[in-house]
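1. Got a predicted structure here, sequence first:
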Amino acid sequence: MRGTLQPNSMRGYTLPRYEYRTPPEFLEKQSFLYPVIVAGAGLAGLTAALELGTRGIRCLLLDEDDTVGASGLSSRGICYAKRSLEILDRFGVAARIREKGATWNEGDVYRGAERLYRFNLQPETDQKFPAFVNLQQFYVEQYLVERLQSVPAVDLRWKNRVAGIQAEKDFVAVKVETPDGICNASASYLVAADGGHSTVRELLGAEDEERSFYEDRWCIADVHMDIDEKRRSEQTVRRAYLDGIPTEGGAIWYHQMADGIWRTDWQIGHLADPDGETTPEKAVERLRKLVGPDMRFELVWVGPWRFKKRLLKRFLHGRVLFAGDAAHEHSPFGARGGNSAMQDANNLAWKLALVLAQRARPDLLETYDDERHYAARDNTENATRSAIFIGPESAGQRLFRDAILDLASREPWARRWVNVGRLSVATVYEKSALNGENGKFNSFLARPGAAAPDGRFGDGYFVDQLGGDFCVAYFGAEGPPLPFRSFFVPEDEKLFMRYGVESTATYVFRPDGHVLARCQGIDSGFALAAIEAVFNYRKENP
């Protein structure tokens with residue numbers, strides 16, 4: 001498709017360029033064995049390297065580019081969910097994202113010019129993080145790069161492209177193409193986080209469980225608008241338009257980001273000349289209809305996009321582990337792409353660190369495949385249903401959708417059926433082999449496998465207590481000391497309700513902040529057994 005505007009700079013910001021350094025493999029004329037090599041410095045790769053490096057695992061991170069983002073100032077992923085912010089908070093990155101980005105909990109759903117309703121994703125006011133913060137992806141990646149620069153265990157190399165791999169029984173040999181030529185490195189494990197066009201996936205011949213392409217076509221236009229602070233704060237609401245008037249019946253998405261820039265997406269596949277819709281001139285014409293005749297604005301980035309659905313059969317191939325878009329792709333509806341990539345990295349890194357430290361069996365990595373493959377399938381199915389609702393592919397689908405919209409305009413209870421993107425929340429590893437439970441609880445929210453529910457705790461928040469390692473919370477009474485962090489939770493109405501505690505209970509949390517196990521009463525033996533079961537996990541043969 002033609003007619004794009006893809007600059008590398010805008011008012012007040014230019015994409016950073018990072019220096020290429022000659023690898024030590026050239027200088028010392030030998031190959032080195034690293035505990036982990038990560039291919040790809042996108043959201044999945046950067047988060048994985050940060051998780052591993054801060055756990056003391058030496059890590060080589062390779063990226064074929066010398067900057068962040070892709071295709072210039074493309075905003076790409078923009079919505080960072082509460083769970084992602086909790087993951088990044090441990091590294092001090094979440095605060096920067098929140099300060100720079102636009103926070104939102106609410107969204108409006110329109111049908112044509114009529115607003116059907118407004119929803120609130122997080123009515124609770126005692127959470128550390130909001131439902132979402134909107135920020136251009138290149139900023140998030142830049143913050144992660146800058147944080148990695150203070151982690152000695154991680155060697156981030158720019159202009160290093162994976163050109164070949166040889167998977168052996170005890171290591172993975174990697175051929176790396178650099179401006180100085182080809183060099184060789186090896187790793188105990190290779191994390192393939194090199195995106196939707198994954199070189200590692202192709203070189204390894206990893207098989208897809210499913211793969212298809214969507215025919216629907218869209219245009220993205222990032223636009224700077226001159227809006228005063230009052231109006232800007234009023235517009236930190238995600239807007240979704242179905243049957244949009246400016247797009248002659250196509251859907252429109254309208255999000256505020258940083259720097260006074262709004263991200264707009266609109267369907268163009270149904271229009272007479274989709275290719276012509278992505279010119280800056282046509283983008284200005286459509287935007288003028290959307291924002292009104294008096295709004296002053298300036299285009300920052302314009303480009304076409306279409307999406308595909310792809311899911312690998314397995315994320316674990318011997319000593320090669322796939323994460324992010326290299327493992328799974330789907331439509332962007334629901335902001336599940338980048339958020340899922342960071343959850344992949346969060347799930348994988350603590351397990352890989354335990355295996356490399358010989359504190360856990362290699363079988364533990366099988367739970368990464370089990371848990372995150374389940375998450376990817378759930379995300380894919382949700383995103384696919386959203387795509388069909390937003391852009392019906394048949395007359396029957398459109399008839400069904402329009403009937404739901406008619407009903408939702410009159411009956412509030414029908415609004416839950418309006419699917420403009422089931423927005424990203426933390427995946428619950430409900431069937432994980434690591435889960436443990438003893439006794440009945442009346443909280444579905446805090447069941448084993450779920451991300452720890454948050455709430456006020458002392459002068460801070462409950463999620464602040466988790467700290468990236470195993471820990472135990474004694475609810476309602478003090479418990480004995482453990483070789484892992486433990487803390488006492490005094491009676492609190494909201495926390496006890498969210499965790500389903502009537503009197504006393506013991507909760508065990510995994511290093512990724514998910515509930516590992518829970519039991520009624522104060523039981524340190526139960527907690528220790530749950531953690532030891534992780535270290536000793538052995539996958540049963542099918």
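-> Done, it's in.

2. Please identify which helix or strand holds the residue nearest the centre of the chain.
-> Nearest to the geometric centre of the chain sits residue 339, at 1.2 Å (C-alpha atoms, centre = their mean). Element membership for residue 339 (DSSP states H and E) is helix 337-356.

3. Now do the next helix or strand after that helix against helix 337-356, angle only.
-> Of the helices and strands lying after helix 337-356 in sequence (DSSP H and E), the nearest is helix 364-390. Angle, helix 364-390 to helix 337-356, by axes from the mean of the first three to the mean of the last three C-alpha atoms, to 10 degrees: 170 degrees.

4. What count of nearby residues applies to residue 426?
-> Burial measure for residue 426: 23 neighbouring residues, criterion other C-beta atoms under 10 Å. All C-beta atoms are positioned from the backbone trio N, CA, C, and that covers glycine.

5. And stretch 419-430, how far out from the chain middle?
-> 11 Å (C-alpha atoms, centre = their mean, to the nearest Å).

6. how far does it stretch from start to finish?
-> 24 Å (C-alpha to C-alpha, to the nearest Å).

7. Just the CA atoms of stretch 328-342, as PDB, please.
-> Output of stretch 328-342 as PDB, limited to C-alpha atoms (Å, rounded to 0.1, in the frame of the first residue of the first chain):
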ATOM      1  CA  HIS A 328       1.600 -15.600  18.700                       C
ATOM      2  CA  GLU A 329       0.000 -12.800  16.700                       C
ATOM      3  CA  HIS A 330      -3.600 -11.700  16.500                       C
ATOM      4  CA  SER A 331      -5.700  -8.600  15.800                       C
ATOM      5  CA  PRO A 332      -4.900  -5.600  18.100                       C
ATOM      6  CA  PHE A 333      -8.400  -5.200  19.400                       C
ATOM      7  CA  GLY A 334      -8.300  -5.300  23.200                       C
ATOM      8  CA  ALA A 335      -4.600  -4.200  23.500                       C
ATOM      9  CA  ARG A 336      -3.500  -7.800  24.000                       C
ATOM     10  CA  GLY A 337      -0.300  -7.800  21.800                       C
ATOM     11  CA  GLY A 338       2.300  -5.800  23.700                       C
ATOM     12  CA  ASN A 339       0.800  -6.600  27.100                       C
ATOM     13  CA  SER A 340       0.800 -10.300  26.400                       C
ATOM     14  CA  ALA A 341       4.500 -10.000  25.200                       C
ATOM     15  CA  MET A 342       5.500  -8.600  28.600                       C
END
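
8. Now it: average pLDDT?
-> Model confidence over stretch 328-342, given as mean pLDDT, is 88.

9. what's the neighbour count on residue 220?
-> Residue 220: 21 neighbours (other C-beta under 10 Å).

10. can you tell me the helix or strand for it?
-> Secondary structure (DSSP H and E) places residue 220 in strand 218-225.

11. Same check on residue 45?
-> Using DSSP H and E, the element containing residue 45 is helix 43-54.

12. so how far is that helix from its chain's centroid?
-> 13 Å.

13. pLDDT (mean, whole number) over that helix?
-> Rounded mean pLDDT across helix 43-54 is 98.

14. And stretch 282-298, by the same measure?
-> 88.

15. Run me through the strand neighbours of the strand holding residue 220, direction for each.
-> strand 261-267 (antiparallel), strand 297-305 (antiparallel) (DSSP bridges).

16. Would you mind listing the outside residues contacting the last one?
-> Okay, so that is strand 297-305. 1, 3-7, 10, 71-75, 217-226, 261, 268, 274-275, 277-280, 283-284, 287, 291 (C-beta atoms under 8 Å, 6 or more residues apart in numbering).

17. next one: phi and psi at residue 307?
-> phi -130, psi 160 (degrees, to the nearest 10).

18. Per-residue pLDDT of it, please?
-> 80.

19. Can you say which of the strands paired with strand 218-225 is packed in most?
-> Per-stretch averages of neighbours, counted by mean count of other C-beta atoms under 10 Å, single out strand 261-267 among the strands paired with strand 218-225, with a mean of 23.

20. Tell me, how many residues neighbour residue 253?
-> 22.

21. same check, this time on residue 453
-> Neighbour tally, residue 453, other C-beta under 10 Å: 20.

22. Which secondary structure state does it sit in?
-> coil (DSSP: H, G, I helix; E, B strand; the rest coil).

23. Contact partners for it?
-> With C-beta under 8 Å, 6+ apart, residue 453 has these contacts: 445, 446, 462, 495, 498, 499.

24. Leaving out sequence neighbours, find the closest residue to it.
-> residue 498 (4.3 Å; C-beta to C-beta, 6 or more residues apart in numbering).

25. State the distance from the nearest residue to residue 167 once chain neighbours are set aside to residue 368.
-> The shortest distance from residue 167 to any non-neighbouring residue, by C-beta to C-beta, 6+ apart, is to residue 318 (5.3 Å). Residue 318 is 13 Å from residue 368, where distance means C-beta to C-beta, to the nearest Å.

26. Neighbour count: these two, which is higher?
-> Remark: of residue 318 and residue 368, residue 368 carries more neighbours, 21 against 12, as counted by other C-beta under 10 Å.

27. now the closest residue in space to the more buried one that isn't next to it in sequence: how far from residue 342?
-> In space, and not counting its chain neighbours, residue 368 is closest to residue 348: 5.0 Å by C-beta to C-beta, 6+ apart. Residue 348 sits 11 Å away from residue 342, going by C-beta to C-beta.

28. Please apply the same query to residue 9.
-> For residue 9, the distance to residue 342 - C-beta to C-beta - is 27 Å.

29. neighbour-wise, which of these two wins?
-> residue 342 (28 against 11).
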